[in-house]
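S.K.: I'll drop the sequence and a predicted model, then ask my questions.
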Amino acid sequence: MAAGDYLAVRDAIKKIIPQSSYDDGSAGPVLVRLAWHACGTYDKKSGTGGSNGATMRYKLEASDEANNGLEYARKILDPVRQQFPWISYADLWTLAGVVAIEYMGGPKVDWKPGRVDDVDEQYVPPNGRLPDATQGEDHIRSVFYRMGFNDQEIVALSGAHNLGRCHADRSGFEGPWVPMPTRFSNTYFKLLLSSQWHKRKNSVGVEQYNDEDNELMMLPTDMALVKDPKFRAWVEKYADDKDLFYRDFAAGFGKLLELGVIRGPEGKALRQYARAKL
């Protein structure tokens, strides 16, 4: 394949999303989570972290507890990387998230290539920058404000919980948020408002919220979105207006993918050490 044929890469990613032996038969949700976590380490004050560099390839970041289970996503993408060795891991991981969202019925998210992979661990961000699902609204704001997001964007991006499920052996939580966890929708917001959620300890003793039938779950950070009045206002809007949610999610996720990516005149991202020379 010719270098730079990103349409071919997209097609290859689509082919590996169906995974009969993985959660609900789809790798889509975990590919979105990989893209999210690769970007979610960004700190606007220091300019460190973010998707450029693909630093989750290194043990320090890969071993962050918040990244438990993402080794499956990276392994699932290995055949695509082998087929297209010219694409950086940083571009592949972010593109895979975009392709997966659209494949599962979500909005089209703007994506630009040009990220480069770091060659050593020098610029691996410190652990602890990703959200802690056991926390509340103050913690959520601290994490997302650090990246440069506002309350509306926080709620929109939280809509990614329409996808996938938690695993007790990874995060400590267990279960899906919605009945169809491989289809993108605004069901997450509707359920936050319409279902009765009960705090319970799951099979490994971690507190989470379950519905009446004990089939679906919400995290403490999810419940914070309906507890906090400013967050709740956006939950209600997105529950009522799917098109609005899709538009805002696409904008927020596109912004997330570009955090920390400083591009030169030809669109290629500069390595982090080059920032001091700008």
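M.R.: Looks like it arrived, so ask away. Note that the structure is a prediction, hence the values are computed from the model and not measured.
S.K.: now the helices for the chain?
M.R.: For the chain, helices defined by DSSP state H occupy the ranges 6-16, 28-39, 59-62, 70-83, 89-103, 137-147, 151-158, 187-194, 220-227, 229-240, 242-258.
S.K.: where in the stretch 101-250 of the chain is pLDDT low?
M.R.: By pLDDT under 70, the stretch 101-250 of the chain has no low-scoring segment.
S.K.: any idea how far V116 is from I262?
M.R.: For I262, the distance to V116 equals 11 Å [CB to CB, to the nearest Å]. Backbone N, C-alpha and C define where each C-beta goes, glycine included.
S.K.: between the two, which one's more packed in?
M.R.: V116 (18 against 15; other CB atoms under 10 Å).
S.K.: was I right to think that one contacts T55?
M.R.: No. V116 is not in contact with T55 according to CB atoms under 8 Å; the separation is 11.5 Å.
S.K.: overlap in contacts of I262 and V116?
M.R.: Common contacts of I262 and V116, defined by CB atoms under 8 Å, 6 or more residues apart in numbering, comprise N52, A269, L270.
S.K.: by neighbours, which of those residues wins?
M.R.: N52 (29 neighbours).
S.K.: quick check: that one touching A90?
M.R.: Yes. Here N52 lies in contact with A90, judged by CB under 8 Å, at a distance of 5.7 Å.
S.K.: shared neighbours of the two, anything?
M.R.: R115, V116, A269.
S.K.: so what's L60 closest to, chain neighbours aside?
M.R.: Using CB to CB, 6 or more residues apart in numbering and skipping residues adjacent in sequence, the residue nearest L60 is V124, 4.8 Å away.
S.K.: measure the one you found to S88 for me?
M.R.: Going from V124 to S88 by CB to CB gives 16 Å.
S.K.: next: E61.
M.R.: Distance check for E61 against S88: by CB to CB, it reads 16 Å.
S.K.: and those two? Which one has more around it.
M.R.: E61 (25 against 22).
S.K.: okay but the more buried one is in contact with V124, surely?
M.R.: Yes. Using CB under 8 Å, E61 makes contact with V124 at a distance of 5.1 Å.
S.K.: what touches both of those two?
M.R.: Residues touching both E61 and V124 (CB under 8 Å, 6+ apart): T55.
S.K.: so V204 touches R170, yeah?
M.R.: No. Look at V204 against R170 with CB under 8 Å: they stay out of range, at 10.7 Å.
S.K.: which residues do the two both contact?
M.R.: With CB under 8 Å, 6+ apart as the test, V204 and R170 reach no residue in common.
S.K.: of the two, who's got more company?
M.R.: Neighbour totals were compared for V204 and R170, and R170 leads with 15 against 10 (other CB under 10 Å).
S.K.: OK, contacts around F149?
M.R.: By CB under 8 Å, 6+ apart, the residues touching F149 are L157, G252, K255.
S.K.: the most centrally placed residue in the chain and F249, how far apart?
M.R.: Centroid-nearest residue in the chain: W36, 2.5 Å away (criterion: CA atoms, centre = their mean). Here the criterion is CB to CB. By it, W36 lies 12 Å from F249.
S.K.: and what of S195?
M.R.: Taking CB to CB, one finds S195 at 21 Å from F249.
S.K.: more neighbours: which of these two?
M.R.: Higher neighbour count among S195 and F249: F249, with 25 against 15, using other CB under 10 Å.
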